[in-house]
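[1] Fold the following and give me the result.
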Amino acid sequence: MANILITGASGFIGSHIAEQCAIEGHTIYAVLRETSSKEYLNIPGINFIYIKLNNRAEIANKLKAVKSNIGRFDYVVHNAGITQAKNVRDFDNVNFLYTRNLVEALYDSGNIPDKFIFMSSLAACGPGNEITLEPISDKSELNPITNYGASKLKAERYLKEQNKLNYVIIRPTGVYGPRDKDYFQYIKTILKSIEAYIGGKDQLLSFIHVYDLAKIVVNVVDSNVTNSTLFATDGKSYTSEEFANIVKSVTRKKTVKVVVPKWLFRTITYIAEKVSGLLGKTALLNSDKYKDLTSKNWSCSADTTFKLLEYNPEYDLKRGIENTYEWYKTHKWIN
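    Residues are numbered from 1 along each chain as shown. Model (predicted):
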C-alpha cells in the first residue's frame with residue numbers, strides 16, 4: 001500500500017478523498033493548518049502534517065522530516081484551494097502559487113512522487129458553446145471566464161511544464177454529496193418552496209457525487225495513467241429545471257418558480273460585492289458567480305476518463321441527491 005500526501009484534507013472533497021484512500025488500505029498524510037477542523041478526519045491510518053503552503057522553505061523542511069521517518073510519498077493529491085476570495089489576487093496566490101510552492105518543495109526535499117494528482121475544476125475550461133451545446137471535453141478550447149477558473153488553469157499549465165513530475169489533472173464538474181455546503185443552500189431554498197432561476201430554466205449542467213469523485217482519485221492512484229487531464233462527471237447532462245425537479249421529487253416539496261432577469265441579478269451581485277468589500281468580507285454573490293450562473297452550457301463529457309480508468313460512476317443525480325438529502329437529515333442539517 002502507498003503513502004499518500006493529501007492537501008486540503010479537512011474540506012468537503014478532501015475529507016472524502018482521504019476516507020476513500022484509507023478504505024483502500026493506503027496510509028494518509030493530511031496537510032492541515034493549525035486551525036483546520038478534523039471533524040471528518042476520524043479515520044484509522046491517517047496522520048497529520050501542519051504546513052502553511054505559502055512558505056516553500058517551511059514545506060520542504062516539514063517534508064524532509066517526514067521523509068526521514070517513512071521514506072518519500074508515493075502519491076500527492078493536491079486538493080487545497082479556494083473558490084471564493086476577498087481579493088482577486090488571492091485566487092492566484094492560493095490556487096497557483098501554493099501549487100508551485102508545493103511542487104518545488106517536493107523537489108527540494110527529494111520527495112518526487114510517482115504521481116502528482118491536481119484537483120482542478122471545469123471552471124479552468126470555461127463554459128461550452130452556447131449555440132451547438134456541445135459538451136465540454138478535452139478537445140474544447142480553454143477560455144475560463146472567472147478569476148477562479150483562470151487561477152486553476154494557470155496551475156494546470158505550470159504542472160504541464162514540469163519535466164520531473166508525473167501529473168494527473170482532474171477537472172470535476174459540480175461536486176455535491178454529504179458534507180457539502182454549497183448545494184445544501186440550494187436544497188434549503190427548495191425546502192422553502194422557492195425554485196429560482198437566473199435568466200431561464202434551460203441552463204445545461206453536469207454533476208458528480210463526491211463518492212464517485214473520491215473513487216476516481218483512487219483509480220488514478222491505482223492506474224498507469226500519467227500526464228493526463230481527466231474530466232469528472234456522472235456522464236449525464238441536466239437542465240437547471242431537471243435539476244430542480246429531481247430535488248423536488250426527493251424532498252417532496254412543491255415550489256413557486258421565480259425567474260430572476262439577468263440584469264437584476266447582475267445588479268444584486270454588483271451591490272453585494274461592493275458592500276462585502278467595504279466590510280472586509282467575502283461576497284457569496286459576486287461577478288464570478290454571475291458569470292457562472294448565467295453561462296448556458298456547463299455540460300461536460302468524461303468519456304476519456306471512463307475509458308482510461310475503466311470506471312463508471314455509481315451515482316446519477318437522482319440517486320446522489322437521495323443519498324445527500326438523507327445525510328443532511330441524519331446529521332440534523334435539516335429537520
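[2] Please count neighbours and contacts with C-alpha atoms only from this point.
    Fine.
[3] Now do the contacts for residue 314.
    Residues in contact with residue 314 (CA atoms under 8 Å, 6 or more residues apart in numbering) are residue 212.
[4] Tell me where the stretch 51-200 of the chain has strands.
    75-78, 115-119, 167-172, 174-176, 194-198 (DSSP state E, counting those that start in this stretch).
[5] Reformat these as TSV; add mean neighbour count and mean pLDDT.
    Conversion of the strands of the stretch 51-200 of the chain to TSV gives the following (neighbours: other CA atoms under 10 Å; pLDDT from 0 to 100):
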stretch	mean neighbour count	mean pLDDT
strand 75-78	24	98
strand 115-119	23	98
strand 167-172	24	98
strand 174-176	21	97
strand 194-198	20	95
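[6] for these, which one sits closest to residue 59?
    Each of the strands of the stretch 51-200 of the chain has some distance to residue 59 by CA to CA; the shortest is strand 75-78, at 13.4 Å.
[7] Wasn't residue 267 part of a strand?
    No. Assignment of residue 267 by DSSP: H, G, I helix; E, B strand; the rest coil gives helix, placing it outside any strand.
[8] In contact with it, which residues?
    So, once contact is read as CA under 8 Å, 6+ apart, residue 267 ends up touching nothing.
[9] and what of the one 5 residues further on?
    Residues counted as contacts of residue 272 (CA under 8 Å, 6+ apart) are 283, 284, 285, 286.
[10] For ChimeraX, what selects the buried ones among these?
    Buried residues within the contacts of residue 272, by 16 or more other CA atoms under 10 Å, are selected in ChimeraX with:
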select :283,285,286
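[11] What is the least confident helix or strand in the protein?
    helix 262-279 (a mean of 87; mean pLDDT, DSSP states H and E).
[12] How far does that helix sit from its chain's centre?
    25 Å (CA atoms, centre = their mean, to the nearest Å).
[13] Please identify the buried residues of that helix?
    Neighbour counts over helix 262-279 (16+ other CA under 10 Å) mark 262, 265, 266, 269, 270, 272, 273, 276 as buried.
[14] again, but for stretch 174-194
    Those would be 174-180, 184, 186-187, 190-191, 194, for stretch 174-194 by 16+ other CA under 10 Å.
[15] and if you look at stretch 139-146?
    Those buried within stretch 139-146 under the rule 16+ other CA under 10 Å are 142, 144, 145, 146.
[16] Quick one: end-to-end distance for it.
    Taking CA to CA, to the nearest Å, the first and last residues of stretch 139-146 lie 20 Å apart.
[17] Let me see the mean pLDDT of that stretch.
    The average pLDDT within stretch 139-146 is 94.
[18] quick one, what contacts residue 7?
    14, 30, 31, 32, 77, 78, 79, 80 are the contacts of residue 7 under CA under 8 Å, 6+ apart.
[19] can we see that at 7 Å?
    30, 31, 32, 77, 78, 79, 80 (CA atoms under 7 Å, 6 or more residues apart in numbering).
[20] Now do the phi/psi pair for the first one.
    By that I understand residue 30. With angles defined as degrees, to the nearest 10, residue 30 sits at phi -90, psi 120.
[21] again, but for residue 181
    Here is the backbone geometry of residue 181 (degrees, to the nearest 10): phi -110, psi -20.
[22] can you tell me how far it sits from residue 99?
    With CA to CA as the criterion, residue 181 and residue 99 are 25 Å apart.
[23] same check, this time on residue 215
    In terms of CA to CA, residue 215 sits 23 Å off from residue 99.
[24] still on that earlier bit, quick check: of the buried residues of stretch 174-194, which lies closest to residue 244?
    Closest approach between the buried residues of stretch 174-194 and residue 244, by CA to CA: residue 190, at 8.0 Å.
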